[in-house]
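[1] here's my sequence, what's the structure:
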Amino acid sequence: MISITEWQKIGAGVTGFGIFFILFGTLLYFDSVLLAFGNRHKLKGTSFFLGGVVIVLLRWPLLGMFLEIYGFFSLFKGFFPVAFSFLGNVYNIPFLSELFRRLQGTSSMV
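    Down below sits the predicted model:
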């Protein structure tokens, strides 16, 4: 019989918990009540995005892409200020600021 160390037992337990929570989260993600509750205030953006996908599939790609872009911006308009403020403060993060300083110093036009 194979002997299992204590660290392997802990690792197997943590892996089991991880797999369980991933599967449970996936099941909850596709729950129709939770999807309707989460998208109720974003119905306009969702409908424009999915309508754009349908229009693209019906061979009107330019119009469909414009509808998808409008739907995308409508869905994520609350996230854009957070993303832009993060990008504005990215120089305050120790690892990234050093990386950007190095990349900034090595670029040349010649």
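
[2] residue ranges in this structure under the pLDDT threshold?
    Within the chain, the segments meeting pLDDT under 70 span 38-39, 91, 100, 103-110.

[3] and the closest residue to Glu68 other than its chain neighbours, how far is that from Leu62?
    With C-beta to C-beta, 6 or more residues apart in numbering as the criterion, Glu68 has its nearest non-adjacent residue at 3.4 Å, and that residue is Gly52. Yep, even glycine has a C-beta here, placed from its N, CA and C like the rest. Between Gly52 and Leu62 the computed distance is 11 Å (C-beta to C-beta, to the nearest Å).

[4] the more surrounded of these two?
    Gly52 (22 against 9; other C-beta atoms under 10 Å).

[5] which stretches in the chain count as helices?
    Using DSSP state H, the helices of the chain run over 6-29, 32-39, 43-57, 61-75, 80-88, 94-106.

[6] against Phe73, how distant is Leu57?
    Relative to Phe73, and taking C-beta to C-beta, Leu57 is found at 21 Å.
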